[in-house]
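S.K.: have a look at this fold, sequence not included:
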């Protein structure tokens, strides 16, 4: 499977590459292509809006705003865009029981135990499966 990545890709082309990656690529190659396809969407949006692809010194000085940094990493919520991406990737189904109701985004390795918000550490679980996981 070869994905096409160009510096002049439109947003629609980048999204199509991303969806094609989700639908067709499996195994070891998946994580790499998934990340590249996902970042190309952002790059295409930045190009379309004529914004710099890399943050400038002015942007770095303002980010992150100090008042928004939580005291503990596990007190943060998963960003909405990332939540939607994980729901789409997991086809809006609990990864344990395949339910499509009462879904949550779960950290495979909890933040409190060093887990991150990286997509490879996130999965969709229904609340009952997530609760059972928390008990074990």
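M.R.: Sure thing, it's come through. Keep in mind that this is a model prediction, so the values were computed, not measured. Numbering: from 1, shown residues only.
S.K.: from here on, just use CA atoms for contacts and neighbour counts.
M.R.: Will do.
S.K.: which residues does stretch 106-113 contact?
M.R.: 73, 74, 115, 116, 117, 121, 122, 123, 124, 125, 130 (Cα atoms under 8 Å, 6 or more residues apart in numbering).
S.K.: what's the end-to-end length of that stretch?
M.R.: 13 Å (Cα to Cα, to the nearest Å).
S.K.: swap in stretch 119-129?
M.R.: 19 Å.
S.K.: pick out the most distant pair among the contacts of stretch 106-113.
M.R.: Within the contacts of stretch 106-113, 73 and 125 form the most distant pair, 21.0 Å apart (Cα to Cα).
S.K.: those two: who's more crowded?
M.R.: residue 125 (28 against 13; other Cα atoms under 10 Å).
S.K.: ok so, going back, ok, the contacts of stretch 106-113 vs residue 96, which is closest?
M.R.: When those are compared against residue 96 (criterion: Cα to Cα), the nearest one is residue 125, at 6.8 Å.
S.K.: could you point out which element follows the least confident helix or strand in the chain by mean pLDDT?
M.R.: In the chain, no helix or strand scores lower on mean pLDDT, DSSP states H and E than helix 57-62, which sits at a mean of 58. Toward the C-terminus, helix 57-62 is succeeded by helix 80-89 as the next helix or strand (DSSP states H and E).
S.K.: just the residues contacting that next one, thanks.
M.R.: 22, 93, 105, 119, 122, 123, 124.
S.K.: show me what counts as buried in it.
M.R.: Neighbour counts over helix 80-89 (16 or more other Cα atoms under 10 Å) mark 83, 86, 87, 89 as buried.
S.K.: how about these in CSV, adding pLDDT and distance to residue 101?
M.R.: Shown next, in CSV, are these (pLDDT from 0 to 100; distance: Cα to Cα, whole Å):
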residue, pLDDT, distance to residue 101
83, 87, 16
86, 89, 15
87, 90, 12
89, 91, 16
